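Chemist: Next come a sequence and a model predicted from it.
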Amino acid sequence: MPQLEVDGAALTYDDEGPRDGDGVPLVFIHGWTADRHRWDHQLDHFTQKRRVVRLDLRGHGESGGSGRRTVAELAGDVLAVLDHLELDRFVLVGHSMGGMIAQTLTLDHPERVERLVLVNSISRMTYSRGRGLLMAVSTMVPFKLFVAANIQRAFAPGYPREKIREYVRASAGTPREVVMTCYGAMRSFDVLDRIGEIRTPTLLVHGYHDIQLPVSQMLRMAKAYPDAVVRIVDAGHELPVEKPAELTAVLDRFVTDRP
């Protein structure tokens, strides 16, 4: 697995698929406490015909380093990897916090982003009362309990409990400092007043049962985009692992459609 040293941290990434494949490369960015394997289904599908890049964000998965304090700093890490790979133009796909990073990159470098896909993501961080209370007491409960409470809420009703426990264990492996610092970065994230600047073809995919970042918040964002395609899927916040095949099909249609 290749790694790139960026500001004292070794960032792990995958760069797979044909260099002369169909269309520009796809770049997948995972969310908070997750890792690049959230995109396994999409990687298996798209690398058959085009180049695909995904990475573990700083302090997540197999990447080293401590947390970044702003989404812009996280975006800088991603851009460093893309520059290293000499990717001048690409399709960005971001889940949750990864979608915030993708929006930041698109606003800062619109000439490099051919299409933008936001999965269960928003442009201004707003918490429900329940989530706000949960985050407020986070420093007063054991870290693993805090992680478990957040991750269990991320799945739609009926998702297998044993699989949820697997994701809880994986998320709890992310260092506490990284988890809480990135939480602070998300909490201060707000580009809602700027996204009207984005002229890149955009797809907004959201889980109907998402209580972490509710559909109502995504629709508020959708109204601000000049020309966005919206898809609602019968899933929770963890759409990439709850309905991987359905997400892949939606992505495939969007990235292969000619404007």
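Modeler: On my side now, so go ahead. What you are looking at is a predicted structure, and each value in this text was computed from that prediction instead of being measured.
Chemist: going forward, measure contacts between C-alpha atoms and count neighbours the same way
Modeler: Will do.
Chemist: All the strands of the stretch 151-259 of the chain, residue numbers only.
Modeler: Shown for the stretch 151-259 of the chain, the strands assigned by DSSP state E, counting those that start in this stretch span residues 202-207, 228-233.
Chemist: which stretches of the stretch 101-250 of the chain have low pLDDT?
Modeler: Applying pLDDT under 70 to the stretch 101-250 of the chain picks out residues 127-140.
Chemist: And the helices in it?
Modeler: Secondary structure of the stretch 101-250 of the chain, counting by DSSP state H, counting those that start in this stretch: helices at 129-136, 143-152, 161-172, 176-187, 215-224, 239-242, 244-256.
Chemist: same for the fourth one, what does it pack against?
Modeler: Counting by 3 or more Cα pairs under 8 Å, 6 or more residues apart in numbering; DSSP states H and E, the packing neighbours recorded for helix 176-187 are helix 71-84.
Chemist: Please verify my assumption that residue 195 contacts residue 224.
Modeler: Yes - taking Cα atoms under 8 Å as the definition, residue 195 is a contact partner of residue 224 at 6.5 Å.
Chemist: Have a look at these two and say which one is more surrounded.
Modeler: Using other Cα atoms under 10 Å as the criterion, residue 195 and residue 224 rank with residue 195 on top: 20 against 17.
Chemist: For that one, give its distance to residue 77.
Modeler: 21 Å (Cα to Cα, to the nearest Å).
Chemist: what does residue 61 give?
Modeler: Per Cα to Cα, residue 61 is found 15 Å from residue 77.
Chemist: Comparing these two, which residue is more hemmed in?
Modeler: residue 77 (23 against 20).
Chemist: contacting residues around that one?
Modeler: For residue 77, the contact set (Cα atoms under 8 Å, 6 or more residues apart in numbering) comprises 6, 57, 58.
Chemist: now that we have these, which one has the most neighbours?
Modeler: In those, the most neighbours by other Cα under 10 Å go to residue 57, 30 neighbours.
Chemist: just checking, it touches residue 33?
Modeler: No - the pair residue 57 / residue 33 is not scored as a contact, 9.3 Å apart, by Cα under 8 Å.
Chemist: so of the helices of the stretch 101-250 of the chain, which one's packed in deepest?
Modeler: For those, the largest average neighbour count (mean count of other Cα atoms under 10 Å) is found in helix 239-242, namely a mean of 22.
Chemist: Residues in contact with it: which ones?
Modeler: With Cα under 8 Å, 6+ apart as the criterion, helix 239-242 contacts 38, 39, 95, 119, 120, 155, 159, 206, 207, 235, 236, 247.
Chemist: just to revisit the earlier point, from the strands of the stretch 151-259 of the chain, which stretch is densest packed?
Modeler: strand 202-207 (a mean of 24).
Chemist: Keeping just the C-alphas, turn that strand into CSV.
Modeler: The C-alpha coordinates for strand 202-207 follow below in CSV (Å, rounded to 0.1, in the frame of the first residue of the first chain):
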residue,chain,number,x,y,z
THR,A,202,-23.4,17.8,-8.7
LEU,A,203,-25.2,14.7,-7.3
LEU,A,204,-26.6,14.7,-3.8
VAL,A,205,-27.3,11.2,-2.5
HIS,A,206,-28.8,10.9,1.0
GLY,A,207,-30.2,8.2,3.2
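Chemist: Could you list every helix and strand in contact with it?
Modeler: Counting contacts by 3+ Cα pairs under 8 Å, 6+ apart, strand 202-207 packs against strand 113-119, helix 215-224, strand 228-233.
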